[in-house]
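> below is the sequence, then the predicted model.
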Amino acid sequence: MVASALAQTSPETLARPSAGASLDIDNVSHAFNLDGSTLHVLDHVSFDVKPGEFVALLGPSGCGKSTLLRLIAGLEPPNAGALKVNGQTITGPDPSRVVVFQDPTLYPWRTVWRNVALGPEAQGKLKESRGRVDEAIDLVGLGQFSKAYPHQLSGGMAQRVALARALVNDPSILILDEPLGKLDSLTRLTMQSELVSLWQEKGFTAILVTHDVEEALFLSTRVIIFSNRPARIKADFEVDLPYPRHRGDPRLAELRHRSLAELGLDSTW
Amino acid sequence: MVASALAQTSPETLARPSAGASLDIDNVSHAFNLDGSTLHVLDHVSFDVKPGEFVALLGPSGCGKSTLLRLIAGLEPPNAGALKVNGQTITGPDPSRVVVFQDPTLYPWRTVWRNVALGPEAQGKLKESRGRVDEAIDLVGLGQFSKAYPHQLSGGMAQRVALARALVNDPSILILDEPLGKLDSLTRLTMQSELVSLWQEKGFTAILVTHDVEEALFLSTRVIIFSNRPARIKADFEVDLPYPRHRGDPRLAELRHRSLAELGLDSTW
Amino acid sequence: PGPYIARASELKKINVGWTGSSICHNSLPSAFHKGFFQKHGLEPELLAFGGGNDAVLEALSSGKIDVTIGFILRLLKPLEQGANIRFTGSVHGGCIRVVAAEGTPEVDYASLKGKSIGVSSLASPSKNFLSVQLHKAGINPQSDVEWRVYPVDLFAEAIKKGEIQAAADADPGTFLLLRNNRGFLKEIGGQDTGIYSGLSCCAVTVSKAFVEERPKDAAAATYALTEAAQWVFENPDESSLVAAKYSPHPAPLLAEVIRSHRHDVNYTANRRLRDEVAIYANDLREVGVIRRRTDPEELAKRATIDIEV
Amino acid sequence: MSNHSAIETISTAEISPIKRASTLSANPELIYAAGAWAVSGVITLLWPNTQEFERTTDLAVLQWIFAALLLVVHVFRGQLAGLFRKLHYNAWRLVALAVLLSIWQVASAKLGLWPQPYFPPPQGVLDAYIKDYVRLADSIRASLILLFFGVGLGALAGFLTGLSTGWSPRVGYWTIPFLRLFGPVPATALIPIVLFVFPTSFSGGAFLVALATWFPVAVLTWSGVSSVDSSYYDVARTLGAKERFLLLKVAIPATLPHLFVGLFMALGGAISVLVVAEMLGVKAGLGFYLDWAQGWAAYGHLYGALIVMAVLFSGVTTLLFFVRDRVLVGQSGGVQW
Amino acid sequence: MSTLSENTIGQRSGRNGTLLGLAAAGAWALVAATTGLLPDVGDWPETENLAIAGAIIAVLLAASALLQRVSPALGRWLVDKSPWLIAIALFLSVWQLASAKLGWLPQPFFPPPQGIIEVFTYDYAELGISLVASAQLLIVGFIYGGVVGFIGGVALGWSQLAAYWIHPILRFVGPLPSTALLPIIFFAFPSSYSASIFLVALAVAFPMTVLTWSGIASVNPAYYDVARTLGASPLALVLKVAIPASLPYVFVGLFMALGAAFSSLMVAELLGVKAGLGFFIQWSQGWGSYNSVFTAVLVLALLCSFSITALFKIRGRVLSWQKGLVKW
Ligand SMILES: Nc1ncnc2c1ncn2[C@@H]1O[C@H](COP(=O)(O)OP(=O)(O)OP(=O)(O)O)[C@@H](O)[C@H]1O
Ligand SMILES: Nc1ncnc2c1ncn2[C@@H]1O[C@H](COP(=O)(O)OP(=O)(O)OP(=O)(O)O)[C@@H](O)[C@H]1O
Ligand SMILES: [Mg+2]
Ligand SMILES: [Mg+2]
């Protein structure tokens, strides 16, 4: 199903080159107030992302990855430190930085089509973007479901709709919080390839949070591994392999070993 | 955190040997009535499971795996064919066949502890099972959270609670529908090892649905691969490797290739 | 009378209010349907305010209606408290009845000592009426009897349940009550007998603003209503046909009710009305409804407006 | 709204999942119903009355006509499939209705167990309809108009109050204490104020109805707005939505399920206030009619109006739920009717 | 939810507190002045006391405005409450002027504030007895209606047979205003007290039934699956799954029922009662004693408001696991 949908829409039709933005994260710390006590989540996190890079973030559950993404999105200001896009401090959300949240959070009262059309509608340019909405829905293989409501979708389908909703906006930074977590292997692998070709074509900067080390290595140009909460950077290395990558590639296996070791899993696995 | 929890409760304390049951699935077909039209989901599925086997079921999304598990659990009778446990036809649910559902479906009005205690409570033997409930919660690494409510848990934690709720019942058949899908790599790998040792110790029969081919191969003694809907058996092979297994094992890689090919993924992946 | 119909353009609009189901106010719909209002140059709009008398009073005070027919015994208390309404005439008497069960010791006012008495409201004119009667019979209406509130049509049932021994209210409620419980209920008193016999009970009541700003129209409305009352008295059968427009009951039954009332007791405001009001005020003062320090004569003077001057 | 009761959802397990389109069964339930109505007609006509009641024959004839209709539907169930299914489902209810009607008939007219005229037999109600249908129709019209304006305005005001209370803490500072204190005030208590403040009685009555509507709608809209999942806002904000969009396209749609619960509550309150509001200088109205019939001790009319009210208000509520089911596609859960 | 950087309110309250507190003191001084200094057009015994009370409040507010630097809690309280205190004072002043001082509002329908105080000081005993009587009627009626409604709702949601028979009755009788049923109920019940209770219970039962039913019907069927595979009996399914899962709806039903119960009081207390707030209102209205009417209405509103608050407190306890609750 997915495959046939892909065949129909060649990626070119979606292409509208837009340079990725650079992202500077400078000594960012963040904490939450939890029942009166302070929960430190991010601890002096610093890294720079060059335009067009594809950065994967790995780290234990609850360490603060999603929180960092919220800061990058501009949904919250950091307690300390600064985040800059193209040298400008982030002060609030902006449609040039689009997020695929960990939960799909589709609007239950809107059809798939209208959920995907949310960005253009919010920015008041729905008219000229109708074609793009259709394309994005086809891209994630849900062309037949554009009139369905979210409650009629399976978890994996909902996640794909959330992806389409982000892609339709032509962002300069795409922020992905476990976007493929709920998909079955087949769809997941297809969507991974799809993401890579989209990224290659459009040149946006991508920040991906995932629990799947293989996914991180297959997709990204760089992997950053966080410690337990409060998140600190534990490792930061390039994945200098050409695309398309092959999952059997021994260098990938080596990087995988290294990543798992950093995550605290011993080498017998 | 998980690791330390494991150190505290050695598996022996949970041990109460109970032989696994055998399961015969004989020419089972099933269909749903969807808006007036008939949706065939299972198509003459037959296989036998020996007592104590660990069978993994793989197949594309929506092919009918969960439906088959519902039939085995006795939540629905099949349209055609028969399902037998130890030679006796299944007529309804029974606490000897416990299911971990694809969604955790915890009761939001109960604490973690009381969610896990559901089985003993329903069977009217809560008093004598208190210790077992605590052990099961510790086993999944949530000892600190036994008084938390489900809405205070992350998705992965909820899934672990659902697992504990099943394990506390000492089933002769354990039915698992993607029980680890929402866990981060570290916890996931830990839980996999935990499952294996529990199974080895107690000797129950296990039926596992998963999307993760590696997981299937790492855990099971036998893999059954289904076709697209309506589900037919496409492949059925033994995984004749000793436990503990090693993920780097070349024989696993070979079986992985074979499984992926059966699932329709070409070999470059 | 062959009513003279003024030309439509000359007619002055007034709003006339009533409860919509009070047969003792039959002069009001009669004036409406038989051309009495038109004869006096008025174009009335008839508005109904159901239930108790509270809503009619409030409607009159707030100018929603200009004129109505109201119980003097009910309105004196609000008048004392400064309600901006006035009496300009009177249309009839004799519509309050007191009932009790047949074959019981309750046979007259004096026998009600220590009993429970049902009324439709603790401010109902019938309760005030009976209080005065009890007082005159040597019974303290505040301490020697117990008043309990029920919807009128449930009096008989409340008596059967033993919760009350007697009840007082106005027609058509009590008339129908007696008729529907023939053999069970009897009439042990009423406005038509005893000390209030021959007095009017229902007055033409106007809002103070109306009578001050449009004295001519107020007078015209008063004449229309009193003349209609006289017509009702003289033509009970024909007037029962008017009443039947507003009642589910057949005209002959209504004629019976009308005949039982004193529609001949009608007059426009003059010395007589003021004297009657003063009598009522004085009695109400004695039973404590009206304050001790209020002068009944003074109140009567304030409450009535003589439209003939 | 799917009318699933819990047991249905479960029992899909026991029943075979493929349900055959239920064939037009020749089960005789409808014949039983027809029989019951025929018998009730016989009781009406042949059993002598203890006193004279008009329309006794007419009622019996009507009962027989209805019985005959049921029979016709049963016989021609092929042609009248839709109607047949409806009636067939309700067959036992129809039987019960005939039995109740007969009990009423026998207890009031035949044995005189129930005191007259407080409990007239069914033909008394029929008589009231025939004699008084014009006034009754007027009253229905008047009540519906009052209800329409009152509920319409009240719902609008309540929605705006709730929305602004939930949206802006500044507005909430002023509205919340107001809601808490004045929301629960019974409408009847406000009649004097309403009469003085409003220019006409109709506007006053409409205001009372509106007030009764306003309170629950405001409270539930307020709850709805403040319980909107904050991630809905996050999603829209990252996609470039401004305040206006967040309010109109996120907060309001997400609040609608709550709003409908509020409207349902409001309708119940509005209906009981209607009865009071219609004592304020109206010429017709069901509340007025009830009061009038009670004042005249005309119980046939009273029960006649009661039945009309029950059917009408049940219908209005059903209409509300119908609208809700249209509007709330995809937002599952909600109040049953 | 809140991030750490949020001490702005505390810093802001300092100067604002003084200003707002003084403004509120001024407003209450205005109440005292309008009440005490101008002559009444009518005869109101409590005028002087009201003026004194206004002055005392003004002095207290002024004092706390000056003291608030010492106690930050006081400052926060002032910042929070002052706008309302000012608004109430202004309203009281205007009301005072329009009713007792200038006579713009028609009497006796719009008594001045001291008219309300008069009722509290002179008629408190009667008011208190009425309050107790109403509360008793409400509680008993509410319990009966609540229990019946709850059981009815569970039956409707759980048993198709029950639904077949209860549903039409619910639809037909539910929306009927209780006034309309008065005669039938009075005949059917042995005493008027039981009839009154039934009226309240009826008003309560309808929303309770509908919302309990809705709650049961919207239980996620997966909850039943889980319990069944763990060996739960049908009774356990009702008690341990269906009922707890439907509690959020039940509380909305209780909330609706409270409102309905309070409005049914006005009718229920028509039946031969000797005391009660609804009775008191009708009685005072009959006497044209509108200050008593408004006082009783105020007490009724406060009682209702208080009951709802209590209900929501209980709900907060019971449903601590649930998010997105109805607000109060
Ligand atoms: N709004 C909030 N208020 C209080 N604590 C919060 C809030 N949001 C997140 N947290 C806490 O902050 C920590 C980090 O949360 P975050 O969602 O960033 O983790 P994560 O790395 O994305 O984890 P996962 O991989 O499970 O998604 C968690 O312990 C969480 O409980
Ligand atoms: N109660 C039902 N009514 C109608 N159709 C159903 C029902 N339950 C499942 N189906 C349909 O049956 C098919 C098989 O569903 P099932 O849940 O068994 O798939 P699955 O193999 O478990 O998929 P996944 O891997 O996504 O969980 C799906 O197409 C689904 O839409
Ligand atoms: Mg996260
Ligand atoms: Mg599944």
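Perfect, I can see it now. Please read all numbers here as calculations on a predicted model, not as lab measurements. Ligands and ions are numbered 1, 2, ... in the order given.
> so who does the nearest residue to residue A:52 once chain neighbours are set aside touch?
Leaving aside its chain neighbours, residue A:52 sits nearest to residue A:20 (4.1 Å; criterion: CB to CB, 6 or more residues apart in numbering or on different chains). Bear in mind the C-beta positions are built from the backbone N, C-alpha and C, glycine included. Applying CB atoms under 8 Å, 6 or more residues apart in numbering or on different chains to residue A:20 gives the contacts A:51, A:52, A:53, A:172, A:173, A:203, A:204, A:205, A:206.
> now the buried members of the residues you listed.
Among the contacts of residue A:20, those classed as buried by 16 or more other CB atoms under 10 Å in any protein chain shown are A:52, A:53, A:172, A:173, A:204, A:205, A:206.
> adding pLDDT, distance to residue A:68 and secondary structure, write these out as JSON lines.
Converted to JSON lines, these look like this (pLDDT from 0 to 100; distance: CB to CB, whole Å; DSSP: H, G, I helix; E, B strand; the rest coil):
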{"residue": "A:52", "pLDDT": "89", "distance to residue A:68": "20", "secondary structure": "coil"}
{"residue": "A:53", "pLDDT": "92", "distance to residue A:68": "16", "secondary structure": "coil"}
{"residue": "A:172", "pLDDT": "90", "distance to residue A:68": "18", "secondary structure": "coil"}
{"residue": "A:173", "pLDDT": "92", "distance to residue A:68": "13", "secondary structure": "strand"}
{"residue": "A:204", "pLDDT": "90", "distance to residue A:68": "18", "secondary structure": "coil"}
{"residue": "A:205", "pLDDT": "92", "distance to residue A:68": "15", "secondary structure": "strand"}
{"residue": "A:206", "pLDDT": "93", "distance to residue A:68": "15", "secondary structure": "strand"}
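> out of the residues you listed, who's nearest chain D?
The nearest member of these to chain D, counting by CB to the nearest CB, is residue A:173 at 10.8 Å.
> correct me, but the closest one touches residue A:204?
Yes - here residue A:173 reaches residue A:204: they are 6.5 Å apart, a contact under CB atoms under 8 Å.
> gap between stretch E:291-311 and the chain center?
Distance of stretch E:291-311 from the chain centroid (CA atoms, centre = their mean, to the nearest Å) equals 6 Å.
> please enumerate the strands of the stretch 101-250 of chain C.
Ranges of strands in the stretch 101-250 of chain C, per DSSP state E, counting those that start in this stretch, are C:116-119, C:146-149, C:166-170, C:185-190, C:202-207.
> which among those is found nearest to residue D:45?
strand C:185-190 (33.4 Å; CB to CB).
> the closest residue to ligand 3 within the stretch 51-200 of chain E and residue E:57: what is the separation?
Nearest residue of the stretch 51-200 of chain E to ligand 3: residue E:76, at 36.0 Å (CB to the ion). To residue E:57, residue E:76 is 19 Å away according to CB to CB, to the nearest Å.
> now residue C:276
Going from residue C:276 to residue E:57 by CB to CB gives 50 Å.
> same thing with residue C:291?
Applying CB to CB, the value for residue C:291 to residue E:57 is 33 Å.
> tell me which of those two has more neighbours.
residue E:57 (20 against 12; other CB atoms under 10 Å in any protein chain shown).
> the more buried one and residue E:28 touch, don't they?
Yes - contact criterion CB under 8 Å: residue E:57 and residue E:28 qualify, at 4.5 Å.
> check the stretch 101-250 of chain E for the residue nearest ligand 2 and tell me.
Residue of the stretch 101-250 of chain E nearest ligand 2, by CB to the nearest ligand atom: residue E:221 (9.1 Å).
> which strands or helices does the lengthiest helix in chain E pack on?
Identified as the longest helix of chain E according to DSSP state H is helix E:124-158. The contact analysis (3 or more CB pairs under 8 Å, 6 or more residues apart in numbering or on different chains; DSSP states H and E) places helix E:124-158 against helix D:6-11, helix E:160-173, helix E:192-217, helix E:243-268, helix E:277-286, helix E:290-318.
> how about a cut-off of 10 Å?
The elements that helix E:124-158 packs onto, with contact taken as 3 or more CB pairs under 10 Å, 6 or more residues apart in numbering or on different chains; DSSP states H and E, are helix D:6-11, helix E:113-122, helix E:160-173, helix E:192-217, helix E:243-268, helix E:277-286, helix E:290-318.
> do the longest one and chain A meet?
No - using CB under 10 Å from any CB of the partner chain as the criterion, no contacts between helix E:290-318 and chain A are found, and the smallest distance is 16.0 Å.
> by contact count, what packs against that helix?
helix D:169-182, helix D:191-197, helix E:113-122, helix E:124-158, helix E:243-268, helix E:277-286.
> of all those helices, which lies closest to residue C:224?
helix D:191-197 (24.8 Å).
> following that closest one, which helix or strand comes up?
Using DSSP states H and E, the helix or strand that follows helix D:191-197 towards the C-terminus is helix D:201-226.
> for the next helix or strand after that next one, packing partners?
Where DSSP H and E defines the elements, the next helix or strand beyond helix D:201-226 is helix D:230-238. Identification of packing neighbours for helix D:230-238 by 3+ CB pairs under 10 Å, 6+ apart yields helix A:65-73, strand A:97-100, helix A:118-122, helix A:155-167, helix D:243-245, helix D:252-277.
> tell me the mean pLDDT for helix D:230-238?
Per-residue pLDDT values over helix D:230-238 give a mean of 86.
> ditto for stretch A:251-262
Confidence over stretch A:251-262 (mean pLDDT, whole number) is 83.
> how about stretch E:217-229?
On average, stretch E:217-229 scores 85.
> can you mark which positions in that stretch are buried?
For stretch E:217-229, by 16+ other CB under 10 Å, it's E:217, E:218, E:219, E:220, E:223, E:224, E:225, E:226, E:227, E:228, E:229.
> nearest to ligand 3 among those residues?
Nearest to ligand 3 among these: residue E:220, at 24.7 Å, using CB to the ion.
> the closest one contacts residue E:245, doesn't it?
Yes - counting by CB atoms under 10 Å, residue E:245 is a contact partner of residue E:220 at 7.3 Å.
> what do those two both touch?
Residues touching both residue E:220 and residue E:245 by CB atoms under 10 Å, 6 or more residues apart in numbering or on different chains: B:107, B:108.
> so chain E: which segments form each domain?
According to automatic domain parsing, chain E comprises the domains E:2-113, E:124-322.
> nearest to residue D:30, of those domains?
domain E:124-322 (15.7 Å).
> before we move on, the earlier item: mind listing what's buried in the helix or strand in which the residue of the stretch 51-200 of chain E closest to ligand 3 is found?
In this structure, residue E:76 sits in helix E:72-96 according to DSSP H and E. Within helix E:72-96, the residues scored as buried using 16+ other CB under 10 Å are E:74-79, E:82, E:85-86, E:88-89, E:92-93, E:95-96.
> do it and chain A meet at all?
No - contact of helix E:72-96 with chain A is not found when judged by CB under 10 Å from any CB; the minimum separation is 17.3 Å.
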